[in-house]
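**Student:** okay, predicted coordinates and the sequence, questions at the end:
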Amino acid sequence: MRIGELAGAVGVSTRAVRHYHHQGLLPEPERLANGYRAYTLRHAVLLARIRRLTELGLGLAEVRDVLADDAGKELTEVLQELDADLARQEAAIRGRRARLRALLEAGDLPAEGPVSPELASLFAGLAGAGVTDSPMAARDRELLALLETTAAPEEREQLMGLLRGALGSPEAVVRAGRAYALLDALADAAEDDPRVAEAARALAECVPAGLVPEEGAGPDGDRWDQGFLRAFYADFAPAQAAAVRLAVRLAGRERTS
């Protein structure tokens, strides 16, 4: 048989046959005087077995183990390992689908999504209070989504608890809306604008005590990632950055008072 006839008989491509030759899975046949490969029935039998094994999901290294005369693993062992791996994948897929269902059942997804249903619920509360038009609120939602994504599981749960306490009531949402409005008004202001202090006080009232370090360990402290903070403050206009810095200090002092 020529290579095309072999491939057609087994139901694979000629490219696959050549690849199996290259990987050492299928021995090279003898060549005729004209240079063409002459495949035998044994090649077809072996190629069919390779096809069956790969269709089960075995990698080529595993196929090589099964086919080798001194195979490091018996076929049963390889298939058991494959079955266990597929079970893990199946469990992971079920978990992903459960998270997707939770997101879809939560209703309208925020622009910053996907986020957890808990964070989406907090965002929806802000939207219900008319805070969605605030550029500062939009930036805050992006930051919260970033923190939720990068936090360890236990830190994420703590963060959600703090946010529920800070934004979980109508009064808290009103306070947040006022702080966002004051910060938005500083978009074109100078750092020494007298409104900076008012915006900082309003923002500090909204910041959960556990979300900022104690006074003395703030933006200049060793426990803060300086590169992240530089990027964080650089995202604001000068007066807004000044207000946020002051709010962090005020909230830190409040924590220790």
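**Tutor:** Sure thing, it's come through. Numbering: from 1, shown residues only.
**Student:** quick one: contacts for L86?
**Tutor:** Neighbouring residues of L86 by CB atoms under 8 Å, 6 or more residues apart in numbering: G57. Quick note: C-beta positions are derived from backbone N, CA and C, even for glycine.
**Student:** roughly how far does it sit from A48?
**Tutor:** Look at L86 and A48: by CB to CB, to the nearest Å, they are 23 Å apart.
**Student:** cool, and D133?
**Tutor:** 65 Å.
**Student:** looking at those two, which has the bigger crowd around it?
**Tutor:** Shown here are D133 and A48; by other CB atoms under 10 Å, A48 has more neighbours (14 against 11).
**Student:** wait, the more buried one touches L6, no?
**Tutor:** No - applying CB atoms under 8 Å as the test, A48 and L6 come out as separate, 10.1 Å apart.
**Student:** neighbours around A33, how many?
**Tutor:** Number of residues near A33 (other CB under 10 Å) recorded here: 5.
**Student:** oh, that last question was meant for A87, not what I typed.
**Tutor:** By other CB under 10 Å, 10 other residues sit near A87.
**Student:** go on, R96?
**Tutor:** Using other CB under 10 Å, R96 is surrounded by 10 other residues.
**Student:** L103 too?
**Tutor:** 16.
**Student:** can you pull the pLDDT of L162?
**Tutor:** Looking at L162, its pLDDT is 80.
**Student:** so which elements touch the helix or strand that contains it?
**Tutor:** Here L162 sits within helix 153-167, counting by DSSP states H and E. The contact analysis (3 or more CB pairs under 8 Å, 6 or more residues apart in numbering; DSSP states H and E) places helix 153-167 against helix 117-128, helix 135-150, helix 170-184.
**Student:** at 6 Å instead, please
**Tutor:** Secondary-structure packing of helix 153-167 (3 or more CB pairs under 6 Å, 6 or more residues apart in numbering; DSSP states H and E): helix 117-128.
**Student:** any idea of the angle the helix it packs on forms with helix 170-184?
**Tutor:** Counting by axes from the mean of the first three to the mean of the last three CA atoms, to 10 degrees, helix 117-128 lies at 70 degrees to helix 170-184.
**Student:** got the angle between helix 117-128 and helix 135-150?
**Tutor:** Using the same axes, to 10 degrees: helix 117-128 against helix 135-150 is 180 degrees.
**Student:** for helix 117-128, buried residues please.
**Tutor:** By neighbour count with 16 or more other CB atoms under 10 Å, helix 117-128 contains the buried residues E118, L119, A120, S121, L122, F123, G125, L126, A127.
**Student:** distance to L159 added to these, as CSV?
**Tutor:** Below are these laid out as CSV (distance: CB to CB, whole Å):
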residue, distance to L159
E118, 10
L119, 9
A120, 14
S121, 14
L122, 11
F123, 14
G125, 16
L126, 16
A127, 20
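**Student:** which of those residues lies closest to A200?
**Tutor:** L126 (20.2 Å; CB to CB).
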